[in-house]
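In: build me a model:
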Amino acid sequence: MKKIFLAAFLTAFAFSWVFAEIQTKDDKAFIKGLRPMGMGGAFIAVSDDDNAFFYNPAGISQRESFLLSIPLPPFIITAGVDLESFEMAEFINDNYDDLQNFNDLYDSGQAGDLIQKINDKVVGKTTNIYLSLLNPSYISGKIKAGGENYFNFGIGVFDYINIDAGFKHGMPVPAVYYKAQATAVIPVPVSYKINSLEKIGLPGSLSVGINFKYILRAKATDRVSLAELTNEDAYEFPAYLGKGFGADIGAIYHFNPRWNFGLQISDIFATSLKYENLKVNDSA
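Out: Sure thing, here's the model as predicted:
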């Protein structure tokens, strides 16, 4: 029985990695907390706080008492920006008028110097900006479910904004690409812990969990020539709003107080969002 249990656990663990690779319908709704990042992302087997909403819903069973998280100023906003974003902003600021009037420069044959600057200084650089606002959450303490077993539940509201943009080589003029999205997630994890595995001849205990989540995402992404982008009468900014439901499942085998083995399968139904077009600029 032990061999069967361990074989099943390892098979599920391997399947979780394969499944994570093949489900690519949409960007995952995932927030990396400071604690998991400090552990190099190795948090699936030890998740016991609001990070469990994204790393492993079974982890909330490790809470003895409830956890209520309401960030207060100045911790409401979490933001990040890389050095290349500042370099890109400096370049745009220094060349703002020429970039804004690129079509006039191109039509008059004076855009060569600007194109050379773009290719030499900023092609290959990528802005990366991240912003997360107030993210409240609640995880219950242990709730008895018969015998020595119990369950926990939680709920949270998480949001984040991330922006990537930059210049690429293009013919005959450089191209601009951008991807911006704002995501809000309402996860509701539920876990159940079996405190004794003596009936199947194994030490320790087992926690299983499922995380139901509602996802709302606004996004805009495109790759367009600089000439087309700066033509205000012709270019329409593409923006979309998507909504959808998803679910994650996870498990943690508590071999002893020091050793945990965990797995999670994210987006078990290959979560997809249904998008509708938002008319941001309709100057036709």
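In: where does pLDDT dip in the protein?
Out: Scanning the chain for pLDDT under 70 picks out the ranges 1-26, 28-43, 74-75, 279-284.
In: tell me where it has helices.
Out: Secondary structure of the chain (DSSP state H): helices located at 2-22, 34-38, 52-55, 83-94, 96-100, 102-107, 112-117, 226-229.
In: pull out the buried residues from the fifth one.
Out: Read that as helix 96-100. Residues of helix 96-100 classed as buried by neighbour count (16 or more other C-beta atoms under 10 Å): L99. Placement of C-beta: from N, CA and C, glycine included.
In: how about that helix as CSV, C-alpha atoms only?
Out: The C-alpha trace of helix 96-100 is given here as CSV (Å, rounded to 0.1, in the frame of the first residue of the first chain):
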residue,chain,number,x,y,z
TYR,A,96,9.7,63.5,-27.4
ASP,A,97,9.0,66.1,-30.1
ASP,A,98,10.7,64.1,-32.9
LEU,A,99,8.9,60.9,-31.8
GLN,A,100,5.5,62.7,-31.7
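In: what's it in contact with?
Out: Outside helix 96-100, the residues that touch it by C-beta atoms under 8 Å, 6 or more residues apart in numbering are 92, 105, 114, 226, 230.
In: and the last one, what does it touch?
Out: With C-beta under 8 Å, 6+ apart as the criterion, the residues that contact T230 are 99-103.
In: now the fourth one
Out: Contact analysis of L226 by C-beta under 8 Å, 6+ apart lists 99, 102, 118, 167, 170, 173-176.
In: ok, the first one next?
Out: I92 makes contacts with L99, as judged by C-beta under 8 Å, 6+ apart.
In: picking up where we left off before, from the contacts of L226, pick the one nearest K144.
Out: The closest of the contacts of L226 to K144 turns out to be V176 (C-beta to C-beta; 58.3 Å).
In: can you pull up the bridge partners for the closest one?
Out: V176 has these beta-bridge partners by DSSP bridges: F167, V224.
In: measure it to G201 for me?
Out: V176 sits 63 Å away from G201, going by C-beta to C-beta, to the nearest Å.
In: pick out whichever of the two has more residues nearby.
Out: Between V176 and G201, counting by other C-beta atoms under 10 Å, V176 is the more crowded of the two (20 against 9).
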